[in-house]
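In: Any chance you can model this:
(2 chains)
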Amino acid sequence: MHIPDMVLDPKVAAATGAIGAAGLIYAVRKLERQHGERTTVLMGTMSAFVFAAQMVNFPVWPGVSGHLLGGVLSAVLLGPWAGAVVVAAVLIVQCFLFNDGGLTALGANFVNMGLIGSVGGYAIYAPLRRAISGPKGTLIGAMAAAWFSVLLASGAFAMELAASGRRGDFLRILSWMAMVHSLIGIGEALITGIVVRYVLLRRPDLLDPEAGPTTGAGRWGRTMLGGLAVALAIAIFLAPFASEFPDGLEFVGEHLGFLPAKTVAPALPSPMADYELKLPGFEQARVATAMAGLVGTLAVFGLALGMARVLPRAKRERTTLDAA
Amino acid sequence: MPPDGLERHRHASSPLHRLDARVKLLGAVALIVAVLALPVVAWRGFGAVGLLLAFLVGLSGIPPRELARRWLGMFVLVAFLVAMIAPAHPDRPQYGLAAVAVGILIKNGLALLTMIVLAGTTPFARLLVGMRKLGMPAVLVATLQFMERYRHVLIDEVDRMATARRARTFRRGGALSWSILGGLIGQLFLRTFERAERVHDAMIARGWDGTIPSDF
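Out: Residues are numbered from 1 along each chain as shown, chains lettered A, B, ... in the order given. The predicted model follows:
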């Protein structure tokens, strides 16, 4: 998921770099106001925690293992902006120490995984937690947020890649990205869910909705943001079907200025322009992408419900123990 | 995550190791931006940057084996992405698919090499002090300093917990191992959170006011 150097166009790298830097400075300012001099210790140790947690390998298939990404987990445990700063710290160390992710793509990586992954993920988590009361809501919200945040990040990644190449290729890249990441997303949702459930069983006070970190946005603002994020994620899976109506997309593109106006036809008509979308297998990829989205969403909610069943019982045990 | 094989070389001594971190940081950024600015197919430019980097690698004493290992570690991902963007590259009609794909791979390799030389000749703590002096916000640098300190502590903690788990469960693999591994991470979070509180209290007791002096 880490974008390496030279894959992005210089303009895209510069734009995402500027957005990323602005977002990071805003996040740090917000945290300083919230935690004061405690910010450094909390963020520093929590970034180290995500780094160490990534060392734990989960067996996926013989020979293949995956690990936690941690954007939504840190947002759920510490709040959205803290989650973003934790992701930024992890990305900076990965870039400078392990050469994982390019220097010129640092901004794009932070936008995808920090701002969209962590803050966007929290925007999905917060309304779900409110809608479903109790620890169940926390768990289901966290798992759904983890799943959608991976998808949203991959959608942003696809957009950046497409903006670096020819625009018409966007849907093909998006299909592939969404397919690969719908699998990664289920893994992330499962790991996030297991960890959140563990914390809910051991120290529910750390995840208490009442004592949770307060954000500036009001309840409705957050619900709106969450709805927007979910709509975007669904759009990622439905977007490949939008190519049925390419004129609509081109119309929007021309008006927003990211597609050249039709009158400026290329001097050399490229024979590949429309061919790419009609490659054999694309039709299947498109259907498979939408299916992956549907099945994945249902699977994540099913898993979350199953895992949440143990929670209320555990809580009652705890209270009776406390009473006794 | 590849193991940090550069750790030994990072504290070696060479003219590049002794250079101010700020110079190296700005130099690396300048070189990578220059490579980014090159057209996708510019063999002479690639050759010039490659020669400069070969000289720097020789100067730094980083073994080529380590360079190759890191490059190969990234190659699969980069190749996958190149396969995705090369067919749609704006310069493809001009140079052809193969040249564009190879060009992006070479540019990426040059940038990666630059970052490996930077990482292999500069301890991370030095790099952070350099970033601070170059105007990076103090809170962010202090956070990274903390992270670098506790990263090693927590990875050791994970190792101990994993050993303890292996000592108690005689099974390996299977679906249940996910919940055990997840519990391990959950436990690590609780321990980290409590450790952060202890560390913070201890720092307050010693007069911590939220800043790390940057003049060391």
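In: Where does residue 144 sit: helix, strand or coil?
Out: By default, I'm working from chain A. helix (DSSP: H, G, I helix; E, B strand; the rest coil).
In: Chain B is the one I meant
Out: Relying on three-state DSSP, one would call B:Leu144 helix.
In: my read: it touches B:Val129, true?
Out: No. B:Leu144 is beyond contact range of B:Val129, at 10.7 Å (criterion: CB atoms under 8 Å). The way it works is simple: take the backbone N, C-alpha and C, and place the C-beta from them, glycine included.
In: So the two - more neighbours on which side?
Out: Neighbour count, other CB atoms under 10 Å in any protein chain shown: between B:Leu144 and B:Val129, B:Leu144 has more, with 26 against 20.
In: domains of chain B?
Out: B:7-130, B:137-205 (automatic domain parsing).
In: Low-confidence ranges, chain B, go.
Out: Regions of chain B meeting the criterion pLDDT under 70 cover residues B:1-5, B:170-176, B:210-216.
In: and A:Phe58, what are its phi and psi?
Out: A:Phe58 adopts backbone torsions of phi -100, psi 130, taken as degrees, to the nearest 10.
In: To clarify, my last question referred to B:Met161.
Out: phi -70, psi -40.
In: Can you tell me how far it is from B:Gln187?
Out: 7 Å (CB to CB, to the nearest Å).
In: try A:Asp205
Out: Taking CB to CB, one finds A:Asp205 at 16 Å from B:Gln187.
In: just B:Leu144 next, same as before
Out: 25 Å.
In: Equivalent analysis for B:Leu36, please.
Out: Taken as CB to CB, the span from B:Leu36 to B:Gln187 is 43 Å.
In: before we move on, what about A:Leu183?
Out: 27 Å.
In: Any idea how many residues pack against residue 94?
Out: You didn't say which chain, so I picked chain A. 18.
In: that's the other chain; I wanted chain B
Out: 13.
In: can you confirm it is in a helix?
Out: Yes. Under three-state DSSP, B:Gln94 falls within a helix.
In: low-confidence ranges in the stretch 101-250 of chain A?
Out: A:166-168, A:208-226, A:228, A:231-250.
In: Near chain B, which residues of it? Just list them.
Out: A:102-104, A:161-162, A:164-166, A:168-169, A:172-173, A:176, A:190-191, A:193-199, A:202-203, A:206 (CB under 8 Å from any CB of the partner chain).
In: Any quick PyMOL command for the buried ones out of those residues?
Out: Buried residues among those (16 or more other CB atoms under 10 Å in any protein chain shown), as a PyMOL selection:
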select buried, chain A and resi 102+103+104+161+162+164+165+166+168+169+172+173+176+190+191+193+194+195+196+197+198+199+202
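In: circling back: neighbour count for A:Asp205 and B:Gln187, which is higher?
Out: Comparing A:Asp205 with B:Gln187 by neighbour count (other CB under 10 Å), the higher total belongs to B:Gln187, at 18 against 8.
In: where does the more buried one fall, phi/psi-wise?
Out: Taking degrees, to the nearest 10 as the convention, B:Gln187 sits at phi -60, psi -40.
In: Run through the residues that contact it.
Out: A:198, A:202, B:161 (CB atoms under 8 Å, 6 or more residues apart in numbering or on different chains).
In: Number of residues surrounding the last one?
Out: Meaning B:Met161. By other CB under 10 Å, neighbour count at B:Met161 equals 18.
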